[in-house]
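K.L.:
Curious how this folds, go ahead:
(chains A and B)
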Protein chains: 2
Amino acid sequence: MEKSFFAAVADRRTFYGIGKESPAGDDRIRAVIEDAVKYTPSAFNSQSSRVVLLLGRQHDRLWDIVMEALRKVVPAENFTSTEEKVNSFKSGYGTVLYFEDKTIIESLQQQFALYKDNFPVWAQQSNGMLQYVIWTALEIEGLGASLQHYNELIEIDVKSELGIPQNWKLIAQMPFGKPTAAPGDKQCQPIQERVKVFK
Amino acid sequence: MEKSFFAAVADRRTFYGIGKESPAGDDRIRAVIEDAVKYTPSAFNSQSSRVVLLLGRQHDRLWDIVMEALRKVVPAENFTSTEEKVNSFKSGYGTVLYFEDKTIIESLQQQFALYKDNFPVWAQQSNGMLQYVIWTALEIEGLGASLQHYNELIEIDVKSELGIPQNWKLIAQMPFGKPTAAPGDKQCQPIQERVKVFK
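P.N.:
Modelled structure (predicted):
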């Protein structure tokens, strides 16, 4: 629980193999998510990001919705690999859904017309920060996670089933669970091509 | 140095009062930035984010460029407060510039046409994650930082002076230095309006 920031940053990975157990209780999972939402910064302190935590049958139902949506668009002869992938997410313990509250972004655009085009971009950056904090926090709690983007395919059905406000725009899905397989190797570009220092 | 992840998340704040000293050496600042760039995730492992660390006279020069650019667009009678703000950033020890390499994003758009519209959005999310990791890392090293967005005003001049590749798009500026003033109070929305749980 007292893992250092730098170790947590270096260790965080994408876990595709996840199971239906959790080393952390539901209250603890909720608490780390709530703290992440509370402490992650946003431009103009807009706090426009929203999170939905799905556990138990609601987690299962989400991935059923994804499966049904994909079955309509993926050719039947290719569906086996799609099915395996969706089932691997459904095999997890829960899913975090990320949203942005469009009402807040539009209100800022009206109040500060000069930055009109920037608010949606800053909201995406802030939502990314939040995804990162929750991802890393879940891993510290013993849970492996990955980040998925079935947004347009499932947004209407998910919002309708859960009664999510229409002004919340779906950004990402993060299935998580106790790791059942180690993450794969990760290729890193040479750092000198990505960081420059001038003094 | 061994601050826990959760404490670092809870403590990270925006610092506007910063000075020209650093509790951390330049090599250490560079190392935490390089690690952040290395370990922060990106969609399809695109690694499209780029960082430029400005120290010493290059940091000062950046804020001179910002001042000159603003002087052209801000009415003279309002310039005093603008000047104070820019000078408060220039008072810091260094600045981190954040970019996205457009060539990588365009290449992914060509390779995966189905996700064409998503790659620029995912790049913004990943850049936000990176901003967050560096911001928090700098604070652990005893440095206060804030996030600024003078992008369009300064991009051409900054890239020309530093010889930054034209395909790097400027996303944000993070001035930092030893804190000279405590951060202000922060208003938080009720968490139950931002997080929902279904099980």
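K.L.:
residues in contact with the spatially most central residue of chain A?
P.N.:
Nearest to the geometric centre of chain A sits residue A:174, at 3.8 Å (Cα atoms, centre = their mean). Residue A:174 makes contacts with A:95, A:96, A:97, A:98, A:131, A:134, A:135, A:138, A:145, A:146, A:147, A:148, as judged by Cβ atoms under 8 Å, 6 or more residues apart in numbering or on different chains. Any C-beta I mention is one placed from the backbone N, CA and C, and that applies to glycine too.
K.L.:
Quick check: what element follows the helix or strand where the first one lies along the chain?
P.N.:
Translated: residue A:95. Taking DSSP states H and E as the criterion, residue A:95 maps to strand A:94-101. Next helix or strand after strand A:94-101 toward the C-terminus (DSSP H and E): helix A:102-111.
K.L.:
quick check: angle from the helix or strand just after that next one to strand A:94-101?
P.N.:
Where DSSP H and E defines the elements, the next helix or strand beyond helix A:102-111 is helix A:118-140. If you take axes from the mean of the first three to the mean of the last three Cα atoms, to 10 degrees, helix A:118-140 sits at 160 degrees to strand A:94-101.
K.L.:
Just want the angle from the strand ranked longest in chain A to helix A:102-111.
P.N.:
If you go by DSSP state E, chain A has its longest strand at strand A:168-179. With the same axes, to 10 degrees defining the directions, strand A:168-179 sits at 130 degrees from helix A:102-111.
K.L.:
Just the mean pLDDT for strand A:168-179, thanks.
P.N.:
For strand A:168-179, mean pLDDT is 98.
K.L.:
next one: stretch A:7-23
P.N.:
98.
K.L.:
Using PDB, write out every CA atom in it.
P.N.:
Taking Å, rounded to 0.1, in the frame of the first residue of the first chain, the C-alpha atoms of stretch A:7-23 are listed here in PDB:
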ATOM      1  CA  ALA A   7       8.100   2.500  -8.400                       C
ATOM      2  CA  ALA A   8       4.400   2.600  -9.200                       C
ATOM      3  CA  VAL A   9       5.100   4.600 -12.400                       C
ATOM      4  CA  ALA A  10       7.800   2.200 -13.500                       C
ATOM      5  CA  ASP A  11       5.800  -0.900 -12.700                       C
ATOM      6  CA  ARG A  12       2.400   0.000 -14.200                       C
ATOM      7  CA  ARG A  13       1.500  -2.200 -17.200                       C
ATOM      8  CA  THR A  14      -1.300  -3.300 -19.400                       C
ATOM      9  CA  PHE A  15      -2.800  -6.600 -18.100                       C
ATOM     10  CA  TYR A  16      -4.900  -8.600 -20.600                       C
ATOM     11  CA  GLY A  17      -5.100 -11.800 -18.400                       C
ATOM     12  CA  ILE A  18      -7.500 -11.000 -15.500                       C
ATOM     13  CA  GLY A  19      -9.700 -13.000 -13.300                       C
ATOM     14  CA  LYS A  20     -12.900 -12.700 -11.300                       C
ATOM     15  CA  GLU A  21     -11.200 -12.200  -7.900                       C
ATOM     16  CA  SER A  22      -9.900  -9.100  -6.200                       C
ATOM     17  CA  PRO A  23      -7.200  -8.800  -3.600                       C
END
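K.L.:
what sits up against that stretch?
P.N.:
Outside of stretch A:7-23, the residues within contact range by Cβ under 8 Å, 6+ apart are A:3, A:29, A:88-89, A:91-94, A:135-136, A:139-147, A:175-183, A:186, B:5, B:35-36, B:39-41, B:133, B:137.
K.L.:
got it, and stretch A:34-46?
P.N.:
Residues contacting stretch A:34-46 (Cβ under 8 Å, 6+ apart): A:48-49, A:51, A:104-105, A:108, A:112, A:118-119, A:122-123, A:125-126, A:129-130, A:133-134, A:137, B:6, B:9-10, B:12, B:14, B:132, B:135, B:147, B:149, B:186-188, B:191, B:194-195.
K.L.:
Next, the buried residues of it.
P.N.:
A:34, A:35, A:36, A:37, A:38, A:39, A:40, A:41, A:42, A:43, A:46 (16 or more other Cβ atoms under 10 Å in any protein chain shown).
K.L.:
which other helices and strands contact the helix or strand containing residue A:87?
P.N.:
Applying DSSP H and E as the criterion places residue A:87 in helix A:79-90. Secondary-structure packing of helix A:79-90 (3 or more Cβ pairs under 8 Å, 6 or more residues apart in numbering or on different chains; DSSP states H and E): helix A:56-73, strand A:168-179.
K.L.:
Of those, which stretch is the most buried?
P.N.:
Of the helices and strands packed on helix A:79-90, the one with the most neighbours on average (mean count of other Cβ atoms under 10 Å in any protein chain shown) is strand A:168-179, at a mean of 22.
K.L.:
how big is the angle separating that strand from helix A:56-73?
P.N.:
Going by the same axes, to 10 degrees, strand A:168-179 makes 110 degrees with helix A:56-73.
K.L.:
Please pull up the helix or strand immediately following strand A:168-179.
P.N.:
With DSSP H and E, the next secondary element past strand A:168-179 is strand A:195-198.
K.L.:
Verify the stated contact: residue A:102 with residue A:168.
P.N.:
Yes - with contact defined as Cβ atoms under 8 Å, residue A:102 counts as touching residue A:168 (7.4 Å).
K.L.:
Which of the contacts of residue A:174 sits closest to residue B:67?
P.N.:
residue A:131 (35.2 Å; Cβ to Cβ).
K.L.:
how far away is that closest one from residue B:194?
P.N.:
14 Å (Cβ to Cβ, to the nearest Å).
K.L.:
more crowded one of these two?
P.N.:
residue A:131 (26 against 18; other Cβ atoms under 10 Å in any protein chain shown).
K.L.:
hang on, the more buried one packs against residue B:122?
P.N.:
No - the pair residue A:131 / residue B:122 is not scored as a contact, 10.5 Å apart, by Cβ under 8 Å.
K.L.:
what's residue A:12 sitting at in phi/psi?
P.N.:
Dihedral pair for residue A:12: phi -60, psi 130, per degrees, to the nearest 10.
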